[in-house]
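pasting the structure only:
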């Protein structure tokens with residue numbers, strides 16, 4: 001995930017666009033942190049923004065309208081829910097989906113996502129975004145296996161779990177080949193795993 005820290009924008013103004021990066025307000029970011037959830041989606045001057053709690057961060061998308069971006073944000077979290085991951089990580093998935101759609105000239109994939117949103121809302125009996133956790137899971141179960149479901153699911157698997165910040169949340173320190181391997185770099189320091197019982201290892205044999 002590419003993160004750029006910026007000074008707070010003037011009141012009523014959106015932060016400047018710097019490619020398709022996620023932008024952070026340093027003071028609010030330090031106060032809320034990346035683990036905060038509760039992002040919302042707004043449109044500003046023709047650009048859709050996913051905005052973090054307290055406006056600590058904002059992720060701009062080029063193609064999705066607010067309704068679609070919000071649905072995908074909630075859908076990706078419902079597909080792979082982790083309470084310890086903030087919405088900023090799921091916003092990265094939405095950005096990656098948006099970037100993928102922006103690369104198609106025929107807009108067929110965009111129409112598929114829009115149609116899938118309508119299908120998902122119908123399955124939720126209203127709107128997927130406003131459904132409770134149980135309603136979201138039930139709605140996803142109804143459309144499981146559809147082209148829309150599979151497109152979002154497969155993208156989420158790659159985009160969400162390929163973020164170094166997410167690796168850290170799971171205790172994975174990242175690849176070590178460029179640092180000489182794991183032998184002298186904490187191969188056994190996984191504090192989030194319990195120690196094995198003594199009987200799991202045979203006694204040391206005397207030479």
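Structure's in. What do you need? Computed from a prediction, not measured in an experiment: that's the story for all the values here.

give me the contacts around stretch 92-111.
For stretch 92-111, the external contacting residues (CB atoms under 8 Å, 6 or more residues apart in numbering) are 1, 20, 22, 50, 59-64, 69, 72-73, 76, 113, 151-152, 155-156, 159-160, 163. Where you see a C-beta, it was placed from the backbone N, CA and C, and this is true even at glycine.

end-to-end on that stretch?
21 Å (CA to CA, to the nearest Å).

about what we covered before: just the buried subset of the contacts of stretch 92-111, please.
The neighbour-count criterion (16 or more other CB atoms under 10 Å) marks 1, 22, 50, 59-61, 63-64, 69, 72-73, 76, 113, 151-152, 155-156, 159-160, 163 among these as buried.

restricted to strands, list the residues you listed.
Those of the buried ones among the contacts of stretch 92-111 mapping onto strands are 22, 50, 59-61, per DSSP state E.

now, among those, which is nearest to residue 126?
The nearest member of these to residue 126, counting by CB to CB, is residue 50 at 21.8 Å.

the closest one against residue 72, yeah?
No - if you go by CB atoms under 8 Å, residue 50 and residue 72 don't touch, sitting 9.5 Å apart.

circling back: ok, which pair from the ones in strands among the buried ones among the contacts of stretch 92-111 is furthest apart?
Among these, the pair separated by the greatest distance (CB to CB) is 22 and 61, at 10.8 Å.

check which helix or strand the most centrally placed residue in the chain maps to.
The structure's the chain has its C-alpha centroid closest to residue 90; by CA atoms, centre = their mean the separation is 1.6 Å. Taking DSSP states H and E as the criterion, residue 90 maps to helix 87-102.

now that helix: mean pLDDT?
Helix 87-102 shows a mean pLDDT of 94.

what does stretch 116-126 give?
Mean predicted lDDT for stretch 116-126 stands at 98.

show residues contacting it.
By CB under 8 Å, 6+ apart, the list of residues contacting stretch 116-126 reads 67-68, 71-72, 75, 127-128, 131, 135-136, 138-140, 142-143, 146-149, 151-152.

and the contacts of stretch 75-91?
Contacts of stretch 75-91 (CB under 8 Å, 6+ apart): 1, 22, 33-39, 50, 52-53, 57, 59, 73, 93-94, 120, 128, 133, 136-137, 140, 152-153, 156-157, 160, 163, 165-166, 169.

in helices only, show me those residues.
73, 93-94, 120, 133, 136-137, 140, 152-153, 156-157, 160, 165-166, 169 (DSSP state H).

just among those, which is most surrounded?
Most neighbours among those, by other CB atoms under 10 Å: residue 94, with 30 neighbours.

ok so residue 148 is a helix residue?
Yes - Residue 148: assigned to a helix according to DSSP: H, G, I helix; E, B strand; the rest coil.
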